[in-house]
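Peer 1: make a model of this:
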Amino acid sequence: MYKKTVMKTGLTVVTCSMPWRRSVSLGIWIKSGGRYETRANKGISHVLEHMLFKGSSKYSCRQIKESVEGAGGSLNGFTSEEATCYLVKVPAAKMRMGLDILSDMVLRPSLPRADFAREKAVILEELKMYKDLPQSYVHELLDQLLWTGHPLGMGIIGFEDSLAALTREELRSYLRGHYVPAGIVVSAAGSLEHSGFCRMCGAAFASAGNNGKERAAYLPAEDAVDAGPRVKLLRKDTEQTHIAMGFRAFPREHKFKYASMLLHIILGANMSSRLFHEVREKRGLAYEIGTQVKRFHDTGAFVVHAGIDNGRAAQAMEVVIAELRRIRRKTVEKGELKRAKDYFLGQLMLSLEDSMEQMLFTGEAVALGGGIRTYEEIAAGICKVSAEEIKDAAGEVFTKNKLRFAAIGAAVGDERGFSRLWPGLE
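Peer 2: Predicted coordinates:
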């Protein structure tokens with residue numbers, strides 16, 4: 001089902017053939033993102049992603065959009081900490097057109113001067129928008145605590161001063177250093193055949209030459225300063241208190257990679273989870289509460305997030321701490337563990353029925369270094385996870401010295417109001 005070819009140029013092509021589909025989803029993955037930046041150029045990956053949609057040597061900005069959407073397709077892009085992706089989904093008959101557009105954008109962007117100035121202004125408004133959304137901005141505050149002084153602790157969008165100082169020459173230099181064949185993965189899923197698609201990619205990327213050099217290195221997560229503050233509180237006139245509690249956790253390929261996902265499901269991934277039941281259903285303390293797992297090459301985080309009534313934030317956190325302490329001390333019961341495993345595998349199976357989800361699944365796996373695991377391989381790994389392993393993972397993560405806490409609200413008080421809760425994790 002999955003096939004992978006590394007070409008002589010260093011370009012990697014990975015496909016998932018789904019002959020029963022009438023669509024093809026394509027993605028060009030650049031093995032570089034926010035953590036490959038510095039404080040001075042923070043946001044450059046994201047700005048470049050925006051600018052590639054402004055036109056290329058063969059296609060104007062309008063032609064890029066009209067060619068794909070005129071065929072009934074869709075296109076998009078995103079920047080994460082460790083990758084940047086440009087993607088389209090088109091009818092299978094338009095696969096060559098989709099690849100030609102994406103490859104021309106990546107290899108030969110025009111980076112128009114007038115658009116560059118305008119787009120920086122647009123991105124500055126995007127930055128302001130997220131700061132006005134406490135449920136989003138609280139995660140940025142938490143990242144600052146988890147990876148203090150490190151690119152992982154700085155927002156993908158960047159800072160007002162780093163964006164203002166960014167030049168087109170810096171964009172071009174960044175492009176030359178990171179958008180090279182050895183740092184690119186082309187992922188495709190749908191109604192296609194691997195060898196034929198590889199020939200298309202060879203032709204589309206022929207002008208890139210034979211560039212096998214490694215992409216620029218990133219700053220190891222161990223260089224993050226752990227001696228910084230444990231709590232960051234921001235007073236803002238909001239109707240809710242938005243909280244994000246985080247713990248430094250496991251990298252992508254850690255032995256607890258499957259256990260941590262099941263821990264996430266048990267604690268806060270759905271309406272059957274412990275935190276949803278205890279905080280929302282049983283006590284009515286929050287409308288939204290959940291958990292999130294972040295995984296990178298060399299580090300990770302486990303995050304609890306919630307929107308809570310302004311006057312009951314401390315009470316809700318007492319419940320959260322109690323649940324973290326319980327799962328650290330007591331093994332999960334057999335029925336609850338089975339439900340978590342069935343949920344994980346069911347969600348994965350349903351998502352992989354879609355060509356776009358398959359493209360994202362395979363592209364991310366190859367671009368971020370873990371390699372593709374089939375559904376059957378993942379299922380085997382999930383099924384092997386024991387209740388004791390989940391308890392061990394929880395015991396390693398949910399400790400007082402790893403805890404970082406951010407909150408935004410009208411009545412957040414001071415650090416002492418929340419710090420009194422932390423002994424519950426000793």
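
Peer 1: tell me the domain ranges of this protein?
Peer 2: Following automatic domain parsing, the chain resolves into domains at 2-208, 229-425.

Peer 1: now render these as JSON lines, adding mean neighbour count, mean pLDDT and distance to residue 221.
Peer 2: Any C-beta I mention is one placed from the backbone N, CA and C, and that applies to glycine too. JSON lines is the format used below for those (neighbours: other CB atoms under 10 Å; pLDDT from 0 to 100; distance: least, CB to CB, whole Å):
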{"stretch": "domain 2-208", "mean neighbour count": "19", "mean pLDDT": "96", "distance to residue 221": "6"}
{"stretch": "domain 229-425", "mean neighbour count": "18", "mean pLDDT": "93", "distance to residue 221": "4"}
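
Peer 1: make JSON lines from the ones you listed and add distance to residue 219 to it.
Peer 2: What follows is those, written out as JSON lines (distance: least, CB to CB, whole Å):
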{"stretch": "domain 2-208", "distance to residue 219": "6"}
{"stretch": "domain 229-425", "distance to residue 219": "10"}
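
Peer 1: closest to residue 220 out of these?
Peer 2: domain 229-425 (5.9 Å; CB to CB).

Peer 1: ranges for the helices of the stretch 101-250 of the chain?
Peer 2: 113-131, 134-146, 160-165, 168-178, 194-204 (DSSP state H, counting those that start in this stretch).

Peer 1: to residue 347, which of those helices lies closest?
Peer 2: Evaluated over these, closeness to residue 347 peaks at helix 134-146, with 22.3 Å, by CB to CB.

Peer 1: which residues in the stretch 251-400 of the chain form helices?
Peer 2: All helices of the stretch 251-400 of the chain, identified by DSSP H, counting those that start in this stretch, fall at 257-268, 274-275, 313-329, 334-351, 355-367, 375-384, 387-397.

Peer 1: center of this structure - which residue?
Peer 2: residue 80 (5.3 Å; CA atoms, centre = their mean).

Peer 1: you'd agree that residue is up against residue 156?
Peer 2: Yes - Residue 80 lies in contact with residue 156 (CB atoms under 8 Å); the separation is 7.1 Å.

Peer 1: would you confirm that residue 374 contacts residue 2?
Peer 2: Yes - under the criterion of CB under 8 Å, residue 374 makes contact with residue 2 at 6.9 Å.

Peer 1: if we can go back for a sec, and for residue 80 and residue 156, which residues touch both?
Peer 2: Jointly contacting residue 80 and residue 156 under the rule CB atoms under 8 Å, 6 or more residues apart in numbering are 33, 34.

Peer 1: give me the nearest residue to the residue nearest to the centre of the chain, chain neighbours excluded.
Peer 2: residue 33 (5.0 Å; CB to CB, 6 or more residues apart in numbering).

Peer 1: tell me who's in contact with the one you found.
Peer 2: 45, 79, 80, 81, 82, 83, 84, 156.

Peer 1: mind putting those in a markdown table, distance to residue 108 and secondary structure included?
Peer 2: Below are the contacts of residue 33 laid out as a markdown table (distance: CB to CB, whole Å; DSSP: H, G, I helix; E, B strand; the rest coil):
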| residue | distance to residue 108 | secondary structure |
| --- | --- | --- |
| 45 | 19 | helix |
| 79 | 20 | strand |
| 80 | 24 | coil |
| 81 | 26 | coil |
| 82 | 25 | coil |
| 83 | 21 | coil |
| 84 | 17 | strand |
| 156 | 25 | coil |
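
Peer 1: between the residues you listed, which is nearest residue 185?
Peer 2: Closest approach between the contacts of residue 33 and residue 185, by CB to CB: residue 83, at 8.6 Å.

Peer 1: what separation do you get for the closest one and residue 128?
Peer 2: 26 Å (CB to CB, to the nearest Å).

Peer 1: what's the answer for residue 363, then?
Peer 2: Taken as CB to CB, the span from residue 363 to residue 128 is 31 Å.

Peer 1: and residue 310, by the same measure?
Peer 2: 24 Å.

Peer 1: wait, which of the helices of the stretch 251-400 of the chain is closest to residue 185?
Peer 2: helix 355-367 (4.4 Å).

Peer 1: can you list contacts of the closest one?
Peer 2: By CB under 8 Å, 6+ apart, helix 355-367 touches 2, 4, 12, 14-16, 18, 21, 23-27, 29-31, 83, 85, 87, 89, 185, 187-190, 351-352, 371-373.

Peer 1: residue 243 reaches residue 314, doesn't it?
Peer 2: No - counting by CB under 8 Å, residue 243 does not reach residue 314; the two are 10.2 Å apart.
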